[in-house]
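Q: Need coordinates for the following:
(one chain, ligands or ions: 1)
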Amino acid sequence: MSNVTVCARFRPLSSKEIRDLCVRGIDPETFVFQDDKEDEFTFSLDRVFYEDSCQAAVYDFLALPIMIDAVNAINGTIITYGQTGAGKTYSMEGPGLQDCDEHKKGLLPRVVDGMFDQISSSKDIASFTVKLSMVEIYMEKVRDLLDLSKGNIQIKENKTQGILLSGVTEVPVSDSAEALHYLSTGLANRAVGETQMNISSSRSHCAYLFTIQQDSDKDKRTKTGKLILVDLAGSEKADKTGAEGKVLEEAKTINKSLSALGNVINALTSGSPSKANHIPYRDSKLTRILQDALGGNSRMALLCCCSPSTSNASETLSTLRFGMRAKHIKASPRASEVKSAKTQEESSSITKDEKCGRILEKMKERMSNEDIKMLEEVFIQEGIIFSPDSIEEVETAYEDVASKTIKSLQQTVEELLLKIKKLETDNKGIQEQALRNYVPDLVGKMPRFISSWYASFFTS
Ligand SMILES: Nc1ncnc2c1ncn2[C@@H]1O[C@H](COP(=O)(O)OP(=O)(O)OP(=O)(O)O)[C@@H](O)[C@H]1O
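A: Numbers count the residues shown, from 1 in each chain. Predicted coordinates for the structure are as follows:
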């Protein structure tokens, strides 16, 4: 069982940042971080990259091993995380995908180049097919960046393939140049805006998905590896970014989904390992898309991008704490979908025809309004779509509803407790006020009360 690889990267100071650094390196894994109150925290991660670190070093350590495994059918996910303007997009893409200075190239173009190099050196043992998809999660909608007419892609779950993006465009790519061409086209469609923190701020989470199918010539087996690279939108504080109107709404949605990601990681890393914990993957599109990666059936690397300036210390601290938490996720990736090509061939020649035949038969039998519903049922029967009626799906949906209900009840109790506290304070204030109002009267009554009590005491 291997853990997630978590690295931190401190970008160079920007022209707006004051020239006091909040980080002091100790060794390649350890550094001391000083916050704005001058409290010191020591962090140990898998690797720390400082402002002078080059893009190639980040790629070699963080992404290369995952890319190689993905070509060998072990799923992998690489995520850039951090405050807005901290260097996520720079690390992921570099200054541009195409025609960019070789040494400034980011993780994505390096992964693409590396993947096709790896494939061509393995060509004599297997033939490979690479497909590429690209989506962004903008305002809680999954948009297909390779076909903007698909503005609300549904996320589905299939027993054999895991999480799927229903109907997403998948383009076959045969070399690095072709892949980079599609990636650049998709990127031009990504939602980008301007905040006070970053003149070119990503307003969406962007996921680049590669499916690498390997058909072995020797043992006639087919394996598939999925490689996902995710450039997250940055967490931000509205007062610092000067966000208002649409940008503020975007920021709220971004922060909400990043909180959902934090909650999933907390749920995955807390609680008793023996007891199945409810993981709230369905609380956001981001966590749902990353469900397989976070759930352990994937190698995962997280790059925590940070500003080196004390002026951003609180955001950096929270990014680093997020990274520390993610390090405790247990991953147990395994080669996916290993099938004998022969068996697949046999089954596909029979099953595919059979499947199509059945679909057509049923459609011919009942060409009515129910066709679509029926087709859906056929797909579910064939395992092409995951049935919402299946026990597992119902159970997770039930758990989601139960956990949401518990959460809202807890919130109501907290609100009631606050109300009680406020009422008690108000009550106390009223009593004190009443007492103050009655003081002159009481003062007048007091000697009479004492003397009558005194008299009754001696006469009894
Ligand atoms: N390691 C680095 N070396 C040089 N410049 C960098 C580095 N990291 C970031 N920058 C620069 O800092 C600025 C902000 O970086 P970037 O756009 O990557 O931030 P981001 O985290 O993606 O922000 P957002 O969440 O708002 O999209 C850019 O001008 C970028 O070129």
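Q: For the one residue in the stretch 301-450 of the chain that gets nearest to the ligand, list each beta-bridge partner.
A: In the stretch 301-450 of the chain, the residue found nearest to the ligand is residue 305; the distance is 5.4 Å by Cβ to the nearest ligand atom. The way it works is simple: take the backbone N, C-alpha and C, and place the C-beta from them, glycine included. Residue 305 has these beta-bridge partners by DSSP bridges: residue 9, residue 82.
Q: Which residues are in contact with it?
A: 8-9, 11, 80-83, 86-88, 91, 319 (Cβ atoms under 8 Å, 6 or more residues apart in numbering).
Q: and what of residue 57?
A: Counting by Cβ under 8 Å, 6+ apart, the residues that residue 57 touches are residue 49.
Q: how near is it to the ligand?
A: 11 Å (Cβ to the nearest ligand atom, to the nearest Å).
Q: which ones are touching residue 50?
A: Neighbours of residue 50 in contact, by Cβ under 8 Å, 6+ apart: 10, 23, 25, 308.
Q: right, and the first one touches residue 304 too?
A: Read it as residue 10. No - applying Cβ atoms under 8 Å as the test, residue 10 and residue 304 come out as separate, 9.6 Å apart.
Q: near the ligand, anything from stretch 70-90?
A: Yes - applying Cβ under 6 Å from any ligand atom, one finds stretch 70-90 touching the ligand at 82, 84-90.
Q: Output the set of residues of the stretch 1-150 of the chain in proximity to the ligand.
A: So the stretch 1-150 of the chain meets the ligand at 11-12, 82, 84-90 (Cβ under 6 Å from any ligand atom).
Q: ugh, typo on my part, it should be the stretch 251-400 of the chain
A: residue 305.
Q: what about the helices in the stretch 251-400 of the chain?
A: With helices called from DSSP state H, counting those that start in this stretch, the stretch 251-400 of the chain shows them at 285-289, 291-295, 313-326, 341-347, 353-365, 371-381, 391-459.
Q: weakest of the ones you listed by average pLDDT?
A: Mean pLDDT values for the helices of the stretch 251-400 of the chain show the minimum at helix 341-347, a mean of 43.
Q: so what's the closest residue to residue 304 other than its chain neighbours up against?
A: Nearest residue to residue 304 in three dimensions, chain neighbours excluded: residue 323, at 4.0 Å (Cβ to Cβ, 6 or more residues apart in numbering). Neighbour list for residue 323: 6, 8, 45, 81, 302, 304 [criterion: Cβ under 8 Å, 6+ apart].
Q: The first one belongs to a helix, doesn't it?
A: Spelled out, it's residue 6. No - in this structure, residue 6 is strand, not part of a helix, as judged by DSSP: H, G, I helix; E, B strand; the rest coil.
Q: Use 55 as the first number for this chain going forward.
A: All set: I'll call the first residue 55, so the last point we hit is now residue 60.
Q: Against residue 306, how distant is it?
A: 27 Å (Cβ to Cβ, to the nearest Å).
Q: More neighbours: those two, which one.
A: residue 60 (26 against 14; other Cβ atoms under 10 Å).
Q: Tell me how far that one lies from the ligand.
A: 17 Å.
Q: In contact with the closest residue to the ligand within the stretch 55-204 of the chain: list those residues for me.
A: The stretch 55-204 of the chain approaches the ligand most closely through residue 141 (2.9 Å), counting by Cβ to the nearest ligand atom. Neighbour list for residue 141: 63, 65, 359-360 [criterion: Cβ under 8 Å, 6+ apart].
Q: Out of the residues you listed, flag the one nearest to residue 223.
A: Nearest to residue 223 among those is residue 359, at 28.7 Å by Cβ to Cβ.
Q: and the gap between residue 238 and the ligand?
A: From residue 238 to the ligand the distance is 17 Å (Cβ to the nearest ligand atom).
Q: In what element of secondary structure is the closest residue to that residue other than its chain neighbours found?
A: Setting aside the residues directly before and after it, residue 238 is nearest to residue 151 in space (Cβ to Cβ, 6+ apart), at 4.8 Å. Taking DSSP states H and E as the definition, residue 151 sits outside all helices and strands.
Q: For residue 151, give me its contacts.
A: 160, 162-163, 234, 237-238, 241.
Q: Over to residue 146?
A: So residue 146 contacts 134, 160-162, 283, 285 (Cβ under 8 Å, 6+ apart).
Q: check which helix or strand covers it.
A: Residue 146 belongs to helix 142-147, assigned by DSSP H and E.
Q: Give the rounded mean pLDDT of that helix.
A: 95.
Q: quick one: buried residues of stretch 260-270?
A: 260-268, 270 (16 or more other Cβ atoms under 10 Å).
Q: That one: how far from the chain's middle?
A: On the basis of Cα atoms, centre = their mean, to the nearest Å, stretch 260-270 sits 19 Å off its chain's mean C-alpha point.
Q: Say whether the ligand is contacted by it.
A: No - judged by Cβ under 6 Å from any ligand atom, stretch 260-270 makes no contact with the ligand; its nearest approach is 9.6 Å.
Q: Return a ChimeraX selection command for the buried portion of the residues of stretch 124-144 next to the ligand.
A: The following ChimeraX line selects those of these that are buried, judged by 16+ other Cβ under 10 Å:
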select :136,138,139,140,141,142,143,144
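Q: Output the below-cut-off pLDDT ranges for this structure.
A: Low-confidence segments of the chain (pLDDT under 70): 55-57, 245-254, 292-298, 325-330, 385-386, 388-462, 492-514.
Q: Between all of the contacts of residue 151, which two are at the greatest distance?
A: Applying Cβ to Cβ across the contacts of residue 151, the maximum distance is between 160 and 238, 12.6 Å.
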